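Undergrad: Mind looking at a prediction? Sequence and model below.
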Amino acid sequence: MAQRRILITGASSGIGAATARRLAAPGVSLALQGRNNRAGLEAVAEEARALGAEAVTLLADFAEAAAPARLVAEAAKALGGLDVLIANAGFADKTPLMQLAEPDYEASMATIATSFLRLAQAAGPVLADGQAPRLVAVSSFVAHAYRPGFQLFPATAAAKGALEAMVKALAIEWAPKVAVNAVAPGHIRKDAGAHAAMSGADREAKVAPFIPFARLGEPAEVAEAIAFFAGPAASYVTGQVLHVDGGMVI
């Protein structure tokens, strides 16, 4: 029987994939979700298995209202329950607020905030029956960093801000049984070939002046923070947002 049963959304690349690799170990069972990148998801699952974990892959499109609940049910069935939910799926939209079409705003809210609500509502009872249960949400610096000359992401910021508010509310509602926290990454390096909201080879040069550490973060560095919240070291931590951004938000 697995010692830790973990569902990770958005696991086919980037932070989600790095988190799967970080948590993979003997005695761990992973359910890895992606929207449509089955090949990428299977590759991450194979890496996890090579590290000793059991891993299953599940496709779900969170634009579909029923998808989050169905995903939780499928993951819990495959793993025999859930101890940890890592809600990482999402995307970034840098459209300026005055140019933002309402359907695009609604798409950000649906994919990030509303899907998190649906995931949490479905997973709550399952996690409550788990061992040392945790919910870890992946937010973003965009909900916190506003300054002249800095690339803004208004729709994404609104959705991530709503996600963080729900994290804090759930931390109260689910205490003392389930710990609920969030990680807010800064500018993190993308996998080769992955979509990036800010494109171009000079991305790092553009953002480095705003980052005290003067570099992009690595997915593995964010995964370490997620692993902290998901593990025994964070047994007395709930309702927190941990920034992993090289000092960009202080």
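TA: Thanks, I have the structure now.

Undergrad: Where does F228 sit: helix, strand or coil?
TA: Under DSSP: H, G, I helix; E, B strand; the rest coil, F228 falls in the helix class.

Undergrad: right, I mislabeled it, should have said T57
TA: strand.

Undergrad: Contacts only, for it.
TA: T57 makes contact with A31, L32, Q33, G34, R38, L41, E42, A45, according to CB atoms under 8 Å, 6 or more residues apart in numbering. From N, CA and C alone the C-beta is placed, and that goes for glycine too.

Undergrad: pretty sure the third one contacts L71?
TA: If I follow you right, that is Q33. Yes: with contact defined as CB atoms under 8 Å, Q33 and L71 form a contacting pair (5.8 Å).

Undergrad: what about those two, which has more around it?
TA: Higher neighbour count among Q33 and L71: Q33, with 29 against 26, using other CB atoms under 10 Å.

Undergrad: In contact with the nearest residue to the more buried one once chain neighbours are set aside, which residues?
TA: Once flanking residues are discounted, Q33 sits nearest to T9: 4.5 Å by CB to CB, 6 or more residues apart in numbering. With contact set as CB under 8 Å, 6+ apart, T9 has these partners: G16, Q33, A60, F62, L71, I86, A87, N88, A89, L119.

Undergrad: how deep is L23 tucked in, by neighbour count?
TA: Neighbour number of L23 under other CB under 10 Å is 22.

Undergrad: Likewise for H243?
TA: H243, neighbours per other CB under 10 Å, totals 20.

Undergrad: Would you double-check that it falls in a strand?
TA: Yes: per three-state DSSP, H243 lies within a strand segment.

Undergrad: dump the residue contacts of it.
TA: F141, H144, A184, G186, V249.

Undergrad: Just name the shakiest helix or strand of the chain by mean pLDDT.
TA: Here the helix or strand of the chain ranked lowest by mean pLDDT, DSSP states H and E is helix 203-207, holding a mean of 87.

Undergrad: Output it as PDB - backbone C-alpha positions only.
TA: Output in PDB follows, covering the C-alpha atoms of helix 203-207 (Å, rounded to 0.1, in the frame of the first residue of the first chain):
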ATOM      1  CA  ARG A 203      13.200  37.300 -21.700                       C
ATOM      2  CA  GLU A 204      15.700  37.000 -18.800                       C
ATOM      3  CA  ALA A 205      17.300  40.200 -19.700                       C
ATOM      4  CA  LYS A 206      14.000  42.000 -19.600                       C
ATOM      5  CA  VAL A 207      12.900  40.700 -16.200                       C
END
